[in-house]
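Q: Whatever this is, show me its structure:
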Amino acid sequence: MLNHPWQQCDFNSYVEILASSSKTSLTIEKPDNVQILEDPYQSKPQDSSEFVVGPDSKELLLSSKEVISELKKEFIMKAWASICTKLVGLTPNRASSIQNNVKVILNDMSGMGVDIYPLQNLLGSFFGLATFYDQARSALVNKTIKIKESEPYLKAKEHLKIVLRERDEKYKEVSTSYKSLEKARKKVKKLKARRDAAKQEAVEMESNVTTAEEEFPKYSDVSLVMKNASKVMEKKKQVLEVALQDLVNYKLYLDYP
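A: Numbering: from 1, shown residues only. Have a look, this model is predicted:
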């Protein structure tokens, strides 16, 4: 068993009292369901059904059992306090990071002979949610990276940049053409044809931009994916936070015989 801050109970020092106190003799009938500790230096009766113990041995034995029971209870409560310390302030993103440490503590608690199945079941459910949350979060990150690095997305993004740049250039040309028309009123007939041509070209470019913008969302729906996935992740996070709060508020009850 590993040594932890809660493992400060010395049971041997209390049990040793039983052997040292049995030297004062008193003849009593040996109970059927009680094991009496004998002093190895005390002589044993050869042919007798009577058993020799100290006058206070029975009382001391019961007292020692109570002491050991209290020490076990103190050990369990300290171990549970250690788990609670790890849970307080814990965020969903870090929930699974304490799973191994908590498992070690639970093994130590179980080794004391106390039934902690309800606590183990509760913590198991909590860490199951934490693992599911981590898997979903990891899948979302991987999916986002995969979409952003996909060839269709990169091509569509680059194509949109080119079309937008061409549109800006054409708008500048059209603006220049309009200014030239104002200055060259005398050349209206020539410039009208030029103006109409520029307008038509601008319409065509705007149509190209519209087409590109309609095609782009087919490959660049990261925002929509992220938004929908984030809602799912938020619900999972809320479920995990509720489970975490329930676990923090959980009170451990011990039932000793």
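
Q: Flag the shaky bits of the stretch 1-150 of the chain, pLDDT-wise.
A: Counting by pLDDT under 70, the stretch 1-150 of the chain has low-confidence residues at 1-58, 62.

Q: what do you get if the cut-off is 90, keeping everything else the same?
A: Across the stretch 1-150 of the chain, the ranges flagged by pLDDT under 90 are 1-120, 123-124, 127, 130-131, 134, 144-150.

Q: which residues of it fall in helices?
A: With helices called from DSSP state H, counting those that start in this stretch, the stretch 1-150 of the chain shows them at 12-20, 57-87, 99-110, 117-149.

Q: The last one: what's the following helix or strand?
A: Remark: after helix 117-149, the chain's next helix or strand is helix 151-183, criterion DSSP states H and E.

Q: so that following helix versus helix 117-149, what angle?
A: Computed by axes from the mean of the first three to the mean of the last three Cα atoms, to 10 degrees, the angle separating helix 151-183 from helix 117-149 equals 50 degrees.

Q: buried ones in stretch 238-250?
A: Leu240, Ala243, Leu244, Leu247, Tyr250 (16 or more other Cβ atoms under 10 Å). (C-beta placed from N, C-alpha, C; glycine too.)

Q: typo on my end, it should be stretch 103-122
A: Buried-residue list, stretch 103-122, by 16+ other Cβ under 10 Å: Ile105, Leu106, Asp108, Met109, Met112, Val114, Ile116, Leu119, Gln120.

Q: thinking again about what came up before, which one of the buried residues of stretch 238-250 sits closest to Ser230?
A: Distance to Ser230, by Cβ to Cβ, is smallest for Leu240 among the buried residues of stretch 238-250, at 15.0 Å.

Q: What separation is there between that closest one and Ser69?
A: Remark: distance between Leu240 and Ser69 (Cβ to Cβ, to the nearest Å) = 37 Å.

Q: domains for this structure, by residue range?
A: The chain breaks down by automatic domain parsing into domains covering 1-88, 91-257.

Q: Kindly present the buried residues of stretch 238-250 as CSV, with separate columns for pLDDT and secondary structure.
A: Below are these laid out as CSV (pLDDT from 0 to 100; DSSP: H, G, I helix; E, B strand; the rest coil):
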residue, pLDDT, secondary structure
Leu240, 86, helix
Ala243, 85, helix
Leu244, 84, helix
Leu247, 81, helix
Tyr250, 75, coil
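
Q: my read: Val102 touches Ile83, true?
A: Yes - counting by Cβ atoms under 8 Å, Val102 touches Ile83, with 5.7 Å between them.

Q: Between these two, which is the more surrounded one?
A: Ile83 (22 against 17; other Cβ atoms under 10 Å).

Q: Appreciated, that's everything.
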